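*Asks:* The sequence and its predicted three-dimensional model are supplied below.
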Amino acid sequence: MDFEAIGKMALGSRLRFLSEKVTEDAQQIYDAYGIELKPKWFPVFYFLSNEKSGKSITAIATEIGHSHPSVIKIVREMSKDQLVQEQRDTNDGRKNLIHLTKKGVELSIKIKAQYIDVENAIDNMLKNSKHNIWFALQEFEYILNEKTLYARVLEEKKMRESATVQIVDYQAKHHSAFRELNEAWINQYFRLEDADRQALDKPVEHILEKGGKILVAEQNNVVLGVCALLKMSDENYDYELAKMAVSAKARGLGIGSLLGKAVIEKARQLDASYLYLESNTILTPAISLYEKLGFKKITGRNTPYERCNIQMELKLNP
């Protein structure tokens with residue numbers, strides 16, 4: 001396979017090819033030194049040969065980074081070759097511990113000469129290479145532990161798919177989408193209340209003409225989400241972030257985040273100092289989004305909504 005032609009997306013295949021090539025050499029090396037060991041047994045064998053007492057399957061799996069079933073399979077194979085044996089833990093009768101047998105211990109002594117030669121050979125290979133693959137692997141493993149390749153790919157997918165989303169001001173043509181998207185999530189978790197019906201049935205009268213705003217997320221003329229900024233007559237708060245709803249088909253694209261940021265920016269343009277919102281704690285993704293946007297939990301305010309069990313505020317301008 002021409003990995004250079006395919007590019008970096010074939011990283012997994014290239015690492016697997018490299019692993020298979022080294023594993024082939026490892027089997028030849030074992031044969032040359034008369035070591036009756038399979039390369040895939042090495043992590044378990046090496047770990048046990050450096051332990052004074054037996055170890056449980058769980059302890060072995062944790063130490064070598066293999067799955068529980070993988071370690072069980074390797075131990076069974078090594079047991080058939082009489083390299084390991086299971087014994088009941090004298091301190092905890094519920095557990096079995098894996099030990100090297102006498103044959104396994106003798107092999108752990110015999111293999112030490114091979115260790116020295118392999119270590120020296122790899123050192124020489126690294127000295128003759130411009131890029132030290134050992135250090136590079138350490139760094140790459142650290143990066144993957146911070147965030148998996150899968151998570152990084154999903155982030156790229158979200159960025160690419162949301163790049164064509166536009167946030168626009170509400171127009172009359174958006175009314176049905178504004179109402180339907182909100183009715184969908186409210187009816188899924190709660191029930192429509194009078195305050196909902198007023199805002200959703202007549203958004204111009206109950207939101208826009210009172211000084212509020214409604215923003216719409218569109219992609220190719222399809223409405224993916226909506227969010228309103230309600231003007232408040234309150235000594236502490238200028239506007240309320242409300243009626244945020246995202247199409248089920250668009251969830252995972254970051255539409256809520258785009259709308260939230262756009263609404264906050266709109267409030268800043270309107271010289272708002274504080275934003276307020278009401279929600280319910282069963283809406284975990286929404287609460288998480290509000291926290292990422294900077295909202296903090298508050299208490300003690302009256303609300304027209306039965307479903308409200310959390311109130312939050314965001315300070316915009318000092």
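*Replies:* Alright, I've got the coordinates.
*Asks:* Which strands or helices does the helix or strand bottoming out on mean pLDDT in the chain pack on?
*Replies:* The weakest-scoring helix or strand in the chain, judged by mean pLDDT, DSSP states H and E, is helix 3-6 (a mean of 86). Other elements packing on helix 3-6 under the criterion 3 or more C-beta pairs under 8 Å, 6 or more residues apart in numbering; DSSP states H and E are helix 11-32. For the C-beta atoms, the positions are set from N, CA and C on the backbone; glycine is no exception.
*Asks:* got the buried residues for the helix it packs on?
*Replies:* Buried residues in helix 11-32, defined by neighbour count with 16 or more other C-beta atoms under 10 Å: A26, Y30.
*Asks:* what mean pLDDT would you report for it?
*Replies:* In this model, helix 11-32 has a mean pLDDT of 93.
*Asks:* after it, next one along is what?
*Replies:* Towards the C-terminus, the helix or strand next in line after helix 11-32, according to DSSP states H and E, is helix 42-49.
*Asks:* show me what contacts the residue lying closest to E193 once chain neighbours are set aside?
*Replies:* In this structure, E193 finds its nearest non-sequential neighbour in Y305, 5.8 Å apart by C-beta to C-beta, 6 or more residues apart in numbering. Counting by C-beta atoms under 8 Å, 6 or more residues apart in numbering, Y305 touches E193, A195, E278.
*Asks:* Which one of the residues you listed is nearest to H131?
*Replies:* Taking C-beta to C-beta as the measure, H131 sits nearest to E278 out of the contacts of Y305, at 55.6 Å.
*Asks:* Which helix or which strand is home to that closest one?
*Replies:* strand 274-279.
*Asks:* can you list contacts of that strand?
*Replies:* 232, 234, 236-242, 264, 267, 286-287, 290, 295, 301, 303, 305, 308, 310-316.
*Asks:* For S67, see how far away T58 is.
*Replies:* Between T58 and S67 the distance is 11 Å, computed by C-beta to C-beta, to the nearest Å.
*Asks:* nope, R14 is what I was after
*Replies:* 23 Å.
*Asks:* and what of R160?
*Replies:* 33 Å.
*Asks:* can you count the residues close to the closest residue to L126 other than its chain neighbours?
*Replies:* What sits nearest to L126 in space, not counting adjacent residues and going by C-beta to C-beta, 6+ apart, is N132, at 5.5 Å. By other C-beta atoms under 10 Å, 11 other residues sit near N132.
*Asks:* ditto for R307
*Replies:* The number of residues packed near R307 is 16, by other C-beta under 10 Å.
*Asks:* just E77 next, same as before
*Replies:* Count around E77 with other C-beta under 10 Å applied: 15.
*Asks:* now do L181
*Replies:* L181, neighbours per other C-beta under 10 Å, totals 25.
*Asks:* Look at it and give its secondary structure.
*Replies:* Secondary structure assignment for L181 (DSSP: H, G, I helix; E, B strand; the rest coil): helix.
*Asks:* Against H206, how distant is it?
*Replies:* 17 Å.
*Asks:* same question, L192
*Replies:* From L192 over to H206 (counting by C-beta to C-beta), the distance is 14 Å.
*Asks:* Comparing the two, which residue is more hemmed in?
*Replies:* Comparing L192 with H206 by other C-beta under 10 Å, the one with more neighbours is H206, at 17 against 12.
*Asks:* That one: what secondary structure?
*Replies:* helix.
*Asks:* Please, where are all the helices along this protein?
*Replies:* Assigned by DSSP state H, the chain shows helices spanning 3-6, 11-32, 42-49, 57-64, 68-80, 102-110, 112-127, 133-146, 149-162, 175-189, 194-201, 203, 255-269, 284-293.
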